[in-house]
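*Asks:* Kindly generate the corresponding structure for this input.
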Amino acid sequence: MSQVWAALDAAWRILLIGIVLGAGLPALFALGVRAMAWGTGGDAEIHAEGFLPKAHLTGRLVAYVIFAIVVSIVILGISYIVAHGLGYNLTFQNGLPTFVPR
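*Replies:* The predicted model follows:
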């Protein structure tokens, strides 16, 4: 019975990571695109002739931060795959990702 609980525990963790990275990362990217549209003054409304919506600096800054997070997660994922392919482990000693031989 303990093997069943161990398998369910592993399946739960895999499901959680799949939801976070499989749906959460694209949702975060979409939020960044929406923030960028707001930051440049874009919206879905029709405006009077010669009137443009006001651009918001906050929206652009939020978008840049979100895009930086998404890019860093993608780079960490690729480096994890490459490290294991070359026989290294990816560890986070002192908060920075480092490659350590196995």
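
*Asks:* distance of the residue nearest the centre of the chain from Leu76?
*Replies:* In the chain, the residue lying closest to the centroid (Cα atoms, centre = their mean) is Val70, at 3.3 Å. Val70 sits 11 Å away from Leu76, going by Cβ to Cβ, to the nearest Å. Backbone N, C-alpha and C define where each C-beta goes, glycine included.

*Asks:* same deal with Val82?
*Replies:* Relative to Leu76, Val82 is positioned 11 Å away (Cβ to Cβ).

*Asks:* So which residues of the chain form helices?
*Replies:* Shown for the chain, the helices assigned by DSSP state H span residues 2-19, 25-39, 57-85.

*Asks:* what would the ones you listed look like in a markdown table with mean pLDDT?
*Replies:* Output for these, formatted as a markdown table (pLDDT from 0 to 100):
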| stretch | mean pLDDT |
| --- | --- |
| helix 2-19 | 89 |
| helix 25-39 | 91 |
| helix 57-85 | 93 |
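
*Asks:* nearest to Phe99, of those helices?
*Replies:* helix 57-85 (5.3 Å; Cβ to Cβ).

*Asks:* Quick check: buried residues in that closest one?
*Replies:* For helix 57-85, the neighbour count (16 or more other Cβ atoms under 10 Å) marks Gly59, Val62, Ala63, Ile66, Phe67, Val70, Ala83 as buried.

*Asks:* Closest one of those to Trp12?
*Replies:* Of all the buried residues of helix 57-85, Val70 has the smallest distance to Trp12: 25.1 Å, by Cβ to Cβ.

*Asks:* In this structure the closest one contacts Phe29, no?
*Replies:* Yes - between Val70 and Phe29 there is a contact under Cβ atoms under 8 Å: 5.2 Å.
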